[in-house]
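>>> sequence first, predicted coordinates after that:
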Amino acid sequence: MSNYRRAFIRGGCWFFTVNLLDRRKALLTERIEILRDAVAATRQSHPFDIDAFVVLPDHLHAVWKLPPGAADFSVRWRLIKTRFAKALPANERLSTVRAARNERGIWQRRFWEHLIRDEADYARHVEYCYFNLVKHGQVSKVSDWPYSSFHRDVRAGLFPEDWGGDIKIAGEFGERA
């Protein structure tokens, strides 16, 4: 088993990228209510704040803050993935390895995380979450995408509704070139 080096900082803030196993599927947006329920149930049992969340058809990005005494974001992602998978019919194609381990073939096994270092890093990653769907050609304006906490942030006055129409965000944020 791999020994991953992760920063477990109590009350920390992280950026995440989580992918479906089959990136050609649109399961996350097709079954958005199941995903929302999985996140809500996980927040009930293992609280965390969602500072940004965007769901694309085949992957999602999020910025989370954990409560002051909590450091384990991995268990939260495991619970979300498990709850989502259990709510779906088991009709996906399985590799020999996944079948032998009695695993589902919905999610990539791991996720990418980045510990937010400072306010500038935080702002860059929240903006990346919201602009990523424009980058992937899902919409031409951030406000046109329904599966995003951007709309909540517009209502709170944190972003103007027309934000991200022609913005370019530099940097690498959980995706390989």
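Sure, I can see it. Numbers count the residues shown, from 1 in each chain.

>>> what's downstream of the helix or strand bottoming out on mean pLDDT in the chain, the next helix or strand?
Ranked by mean pLDDT, DSSP states H and E, the weakest helix or strand in the chain is helix 96-100, scoring a mean of 79. The helix or strand immediately downstream of helix 96-100 is strand 112-115, counting by DSSP states H and E.

>>> output that next one as PDB, nothing but the C-alphas.
C-alpha atoms of strand 112-115 as PDB (Å, rounded to 0.1, in the frame of the first residue of the first chain):
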ATOM      1  CA  TRP A 112      -5.600  15.700  -5.600                       C
ATOM      2  CA  GLU A 113      -5.300  18.200  -2.700                       C
ATOM      3  CA  HIS A 114      -3.400  21.400  -2.100                       C
ATOM      4  CA  LEU A 115      -3.100  23.000   1.300                       C
END
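
>>> just the buried residues of the helix or strand following it, please?
Sequence-wise, the next helix or strand downstream of strand 112-115 (DSSP H and E) is helix 119-135. Buried residues in helix 119-135, counting neighbours by 16 or more other Cβ atoms under 10 Å, are found at 122, 124, 125, 126, 127, 128, 129, 130, 131, 132, 133, 134. C-beta here means a position set from N, CA and C on the backbone, and glycine is covered the same way.

>>> and stretch 57-77, how far from the chain's centre?
Counting by Cα atoms, centre = their mean, to the nearest Å, stretch 57-77 is centred 8 Å from the centre of its parent chain.
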